[in-house]
Every structure is written in C-alpha cells, then in structure tokens.
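> model this:
(one chain, ligands or ions: 1)
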Amino acid sequence: MTEKKESKKVLPGELVATAEEYMPGFGTFEDDGNIYSTAIGSLYLDEGNKIARLDFKNPPLVAFDEDVVFCEVTDVKPSMVVCRIQAMEGTSRGITGETMGTLHVSKISNRYVEDASEKFRITDIIRAEVIQSRPSIQLTTAKPHLGVIMARCNSCREPLDRKGNKLYCESCERTEYRKLAKDYRDVKPC
Ligand SMILES: [Zn+2]
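Residues are numbered from 1 along each chain as shown. Okay, the predicted model is just below:
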C-alpha cells in the first residue's frame, strides 16, 4: 500500500496541491479549490489517504504565544498574509534564520474582512501578536496597537501619511487603506 511520497521543501503560502486531488492536512489550508502551505516545511503528499501535509523535523523555537513581533509583509492572498518576522517587541531574544509567519484573513481585525489585500500590501511593516508558535507561526492583528506601522504608496513607493483611518500619498494624491496600528509611523523604541 502506498504510504506517502516525500516531496520538496515549501514556503508559506505556496500552492502545494489542488483540493480535487488532496485534502488539506497539518500545516496546510484550502482556499478556493487550492491547498496552500502555512509554514516552511517538507511537503508530504499522502497518496493512501489523499492528504497534503507538512512535516516539521526540527521546528525552530523562535517565538512564543503572545509574543509581539514586527514583520514585513512578503505576500498577500485573499485568505492570508505571509510575512517575514524581523524583530520581537520588548525582548532581547533574537530571531534565528528566516522566520515566516502567517496571518489568516479572519485574524486581521475584529470586523469582517473579505479579502486580506484590502488591509495589507507587500512591503508593509506590521506589528502582530503570535497566537500559535508551533509548528508554524500564526499571527493576529485584531487589536488596536496591532497592524501596519509603516506603509509605502503603491505607485510611487513614498511612505504614506495617516489621515484619520486612511493613508494618503501627497505626491500622487491617492488614498490607500490598511489595518493600521494606532501608532502608525509613531512607534516609540522600547
Ligand atoms: Zn505616491
């Protein structure tokens, strides 16, 4: 009987299979007929049970539940945001290696968000809280001090100014929208 087929190393948000062929297992989720990874891991396509899952041999212990982290958004899909964790707030514990975290669309805000790209863009710097640290890092921004702390204009790349609950680019005269942290571009060193 076929056990499982070892496959390749995958990154968070990578398309690993289709829902027609496999069911989402550990470390993966389904969105609109596709199955994506939620972390860095080795992909296993279990042919016997038709499950796509990730395997974590030595998950790096770099963040703990309820840690607050600063990250750069590296990918935005309708259902999730992928980001690279750059630092932790209020601790001297370092980050080792390339540490990715994912933020599910339901964890962006206390209000309903249909599409994560309404609230985040690639290269945004965000403050987020860790709600699950193992086997993969899952984040939330559904608190007032969590969300985008620095964002650049989508067309000219200049930092955007805050205007109420929106962001504005003076040179392009464009308005953009984010899930903002209350201290957007006013973060005090701790
Ligand atoms: Zn601009």
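> which residues of the chain lie near the ion?
Listed as neighbours of the ion in the chain under the rule C-beta under 5 Å from the ion: Cys153, Ser155, Cys156, Cys169, Cys172. C-beta here means a position set from N, CA and C on the backbone, and glycine is covered the same way.
> cutoff 6 Å now
Cys153, Ser155, Cys156, Glu158, Cys169, Ser171, Cys172, Arg174 (C-beta under 6 Å from the ion).
> in this structure Asp124 contacts Arg178, no?
Yes: with contact defined as C-beta atoms under 8 Å, Asp124 counts as touching Arg178 (6.7 Å).
> need the overlap of contacts for these two.
Val148, Ala151 (C-beta atoms under 8 Å, 6 or more residues apart in numbering).
> after the worst-scoring helix or strand of the chain on mean pLDDT, next one along is what?
Ranked by mean pLDDT, DSSP states H and E, the weakest helix or strand in the chain is strand 5-10, scoring a mean of 71. Going down the chain from strand 5-10, the next helix or strand is strand 15-18, by DSSP states H and E.
> domain assignment for this structure?
Domain assignment for the chain by automatic domain parsing gives 5-55, 68-176.
> can you put those in TSV and add mean neighbour count?
Formatted as TSV, those follow (neighbours: other C-beta atoms under 10 Å):
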stretch	mean neighbour count
domain 5-55	17
domain 68-176	17
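> and these: which comes nearest Asp183?
domain 68-176 (6.8 Å; C-beta to C-beta).
> what about the closest one, average pLDDT?
Here domain 68-176 scores 91 as its mean pLDDT.
> roughly how far is that domain from the heart of the chain?
Taking C-alpha atoms, centre = their mean, to the nearest Å, one finds domain 68-176 lying 8 Å from the centre of the chain it belongs to.
> same check, this time on stretch 159-178
For stretch 159-178 - counting by C-alpha atoms, centre = their mean - the centre lies 23 Å from the chain centre.
> how long is it end to end?
13 Å (C-alpha to C-alpha, to the nearest Å).
> can you list the neighbours in contact with it?
Residues outside stretch 159-178 that contact it (C-beta under 8 Å, 6+ apart) are 118-121, 124, 147-148, 150-156, 158, 180, 184-185.
> kindly recompute the last result at 6 Å.
With contact meaning C-beta atoms under 6 Å, 6 or more residues apart in numbering, stretch 159-178 is reached by Lys119, Val148, Ala151, Arg152, Cys153, Ser155, Cys156, Tyr184.
> cool, stretch 67-74 as well?
Residues contacting stretch 67-74 (C-beta under 6 Å, 6+ apart): 81-89, 120, 122, 124-130.
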